[in-house]
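# Quick one: sequence and predicted model below, then my questions.
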Amino acid sequence: MASPSIQNDAILSASELQLSFGNQAVLDGATLAVYPGGKVGLVGRNGCGKSSFLRIVAGEEAADSGNVSFKQGLAIGYLPQEFQLDDEATVEANIRAGAAELIAMIERFETHESVSDSEMARLQIAIDHADGWNLENRIEILMRELSAPPADRIVRHLSGGEKRRVGLCRALVGQPDLLVLDEPTNHLDAEAIAWLEGYLASAGGACLFVTHDRYFLDRIATRIVELAEGRFFSHEGNYSDYLIAKEERQERLQAAEHKRQRFLAREIEWVRAGVKARGTKQRSRLDNYYAVKAQKAPERELDMELVIPTPPKLANVVLDLAEVGYVWDRDPLFLGLDLSFSAGECVGIVGPNGVGKTTLLKLIMGDLEPTDGTVTIGKRTEFNYVDQTRLELDEDKSVLDEVSQGVDFVKFGDESISVRGYLQRFLFSNERINDRVGNLSGGEKNRVLLAKILRRGGNFLVLDEPTNDLDLQTLRVLEEALINFDGTSLVVSHDRWFLDRVCDRVIVFDGKGNVTVSVGNYSYFLEKKRARENALASAAAPPKKEKKKRERPDEGKPRKLKWKEERELESMEETILEAESAVEAIEEKLNDPEFYIENSAEAPALSEELERKRAEVRTLYERWEELEAIRLAAESG
């Protein structure tokens, strides 16, 4: 099954792997090689066998047949979906366990007891290779950048998300030759994900990872490997390259299938004629016909048809928050928050863990009273809450019983469909519909939860981390469903690609008690945030020194702002806010589906006006930097 070393340049080689669960073959002749430094993103539908393959590579599971080979002495760091931590040990002890072999080598090297010169030399090389002398500094950096809990906390007291971050630190700490990561970005905030991207991109070791984060795939992967029909299909490049290559691959397969069907259609008449295949040519022709007929047609990919019931009509007032604040244990999570929601819009919430995002959801739905301010819920507003946990699922029930709740049909407006038919739209086969919830994969459980909760209807969807554990195909379908939803939707997510696709506005928690509401998607918010930070940094920087000229008595001093420039600087912030408001107003108009019903011809001109206004904002920031630099230089001089 597995051999310790391989004879080529690959550090990992999997050959002809077979793995079945009951009648379902998840690996069927799967073959893959990973090379030094390669960053391999593994994609495929939930339940196709991705996590099983990672467990085989990590030695946690065995294939039914086939061979897995490793480069001799290969060090592997593994982050599974399910935690493998010592619940009774501290956070720090669990993280150090990921570098246990390295720590043992360092201790042996430092004691010098019964260690030969050749052994000392070997230890020195191995420790240097794993950057062992920087281990303590690396532990500190990993814990800080990945927001790990305090070092002395006992793991059994941690939340699932906290355990996940400890597990990630543990996988990375030993600087392994191969990182095997199953959903590494789950439960990480945007800043931690950005740091992890930089860390992995610069790391010299190889990485084999599964993730639903498409920006992460785009920025890290040097190769995308798709697992489909039990086999691996390799595509060089990142996720965007893969999407293009996959479409080309499917077109080739469909063209080959079309050619095969035309051949069979031509030959079937000859076969039916009952020509006696006594001659060599006739026998060869008949054998060729049956060989071509036996070829398997390419499997048609089915997309989940995510069904969101037509929502009841909303009133003019959907939901309003006025000067809302919430204080927890004397610390304000947020203060003075003004929000107003309207029909047809999708609003995203993003920010670090534990800063008050879920608290805000509870305030919005009326499950929690604000410390300050008022929350006004519209008379026709009906909430439908999709929780980030799966506590609402009964793992002993079948999928059918869990979703049906004793009712045979799901009602959509004036029409109804059977619960079985409803579940088939979520890509559950008849066998899977009758299976226990406890036997499902994480992604399948999430689809059951979506099916169960979305059938309740409602016109204000509240989704708390809906993207966790969903495969990429299902994510795309969920995005389309939210974009076309006529009600209002509010989503908490760390998935930047998802936020960029569905959101008209974003509510951003910075982790310091500040909450920003920004029109546009998350990437546009980050763009504006960087522009502000650059402007402030430039203003605070000391002015560049110029070459000295022959000075008059007043020439050595930095010049002061002129009266007109002082007035300009005083009004600059207000001018920038007005310019940004103009940008937001145009974006809001272009994001409004009603605008295109009667004014579609105006859209191109309005889009050009939007670009001009954005350029105006950038120019204003540059002018602000210039004036601030002059002012500060004069004050310091």
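Okay, I see it. Model, not experiment: these values are computed from the prediction.
# Give me the pLDDT for the residue nearest in space to the middle of the chain.
Nearest to the mean C-alpha position of the chain, by C-alpha atoms, centre = their mean, lies Asp213 at 2.3 Å. Reported pLDDT at Asp213 in the predicted model: 86.
# from memory it sits against Thr185, does it?
Yes. Judged on C-beta atoms under 8 Å, Asp213 makes contact with Thr185 at a distance of 4.5 Å. C-beta: built from backbone N, CA, C; applies to glycine.
# shared neighbours of the two, anything?
Ile193 (C-beta atoms under 8 Å, 6 or more residues apart in numbering).
# To which secondary structure element type does Ser518 belong?
State at Ser518, reduced to three classes by DSSP: H, G, I helix; E, B strand; the rest coil: strand.
# same thing with Ile127?
Relying on three-state DSSP, one would call Ile127 helix.
# isn't it right up against Ile106?
Yes. The pair Ile127 and Ile106 qualifies as a contact (C-beta under 8 Å) at a distance of 6.0 Å.
# mind listing what the nearest residue to Ile453 once chain neighbours are set aside touches?
Excluding the flanking residues, the one nearest Ile453 by C-beta to C-beta, 6 or more residues apart in numbering is Val386, at 5.0 Å. For Val386, the contacting residues are Leu449, Leu450, Ile453, Leu454, Leu461, Val462, Leu463, Asp464, Pro466, by C-beta under 8 Å, 6+ apart.
# shared neighbours, Ile127 and Ile106?
Joint contacts of Ile127 and Ile106 (C-beta under 8 Å, 6+ apart) are Trp133.
# pLDDT below threshold where in the stretch 101-250 of the chain?
Within the stretch 101-250 of the chain, the segments meeting pLDDT under 70 span 113, 249-250.
# mind redoing it with 80?
In the predicted model, the stretch 101-250 of the chain carries pLDDT under 80 at residues 112-115, 160-161, 187, 189-191, 244-250.
# quick one, strands of it?
Using DSSP state E, counting those that start in this stretch, the strands found in the stretch 101-250 of the chain span residues 178-182, 206-210, 223-228, 231-236.
# Switch the ones you listed over to TSV; also include distance to Ser20 and mean neighbour count.
Putting those into TSV (distance: least, C-beta to C-beta, whole Å; neighbours: other C-beta atoms under 10 Å) gives the following:
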stretch	distance to Ser20	mean neighbour count
strand 178-182	21	24
strand 206-210	20	24
strand 223-228	14	21
strand 231-236	14	16
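# and Ser15, which of these is closest to it?
strand 231-236 (10.9 Å; C-beta to C-beta).
# Could you name the helices and strands sitting against the closest one?
The helices and strands touching strand 231-236, judged by 3 or more C-beta pairs under 8 Å, 6 or more residues apart in numbering; DSSP states H and E, are strand 24-34, strand 223-228, helix 239-272.
# Pull the distance from the last one to the chain's centre.
Spelled out, it's helix 239-272. Chain-centre distance of helix 239-272: 33 Å, with C-alpha atoms, centre = their mean, to the nearest Å.
# other SSEs contacting it?
Packed next to helix 239-272, using 3+ C-beta pairs under 8 Å, 6+ apart, are strand 39-43, helix 214-220, strand 223-228, strand 231-236, helix 280-294.
# do you know which of these lies nearest Val347?
helix 214-220 (20.2 Å).
# contacts for that closest one?
Residues outside helix 214-220 that contact it (C-beta under 8 Å, 6+ apart) are 39, 41, 43, 184-185, 193, 196-197, 200-201, 207, 209, 211, 224, 238-240, 472, 475, 495-497.
# Type out the ChimeraX command that picks the buried ones from the residues you listed.
In ChimeraX, a selection of the buried entries from the contacts of helix 214-220 looks like this (16 or more other C-beta atoms under 10 Å):
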select :39,41,43,184,185,193,196,197,200,207,209,211,224,238,239,472,475,495,496,497
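# show me what contacts Ala221?
By C-beta under 8 Å, 6+ apart, the neighbours of Ala221 are Lys39, Val40, Gly41, Gly237, Asn238, Tyr239, Tyr242.
# hang on, the earlier thing: where's the residue nearest to the centre of the chain relative to Arg567, distance?
Using C-beta to C-beta, to the nearest Å, one gets 48 Å for the distance from Asp213 to Arg567.
# With Thr467 instead?
Remark: distance between Thr467 and Arg567 (C-beta to C-beta) = 49 Å.
# Arg153 too?
55 Å.
# Between the two, point out the one with more neighbours.
Set side by side, Arg153 and Arg567 give different neighbour counts by other C-beta atoms under 10 Å, the larger being at Arg153 (16 against 11).
# before we move on, the earlier item: how about TSV for the contacts of Ala221, with distance to Arg231 added?
Output for these, formatted as TSV (distance: C-beta to C-beta, whole Å):
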residue	distance to Arg231
Lys39	21
Val40	15
Gly41	17
Gly237	20
Asn238	21
Tyr239	20
Tyr242	16
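# Now flag whichever of those residues is closest to Glu110.
Ranked by distance to Glu110 (C-beta to C-beta), the contacts of Ala221 are led by Lys39 at 33.9 Å.
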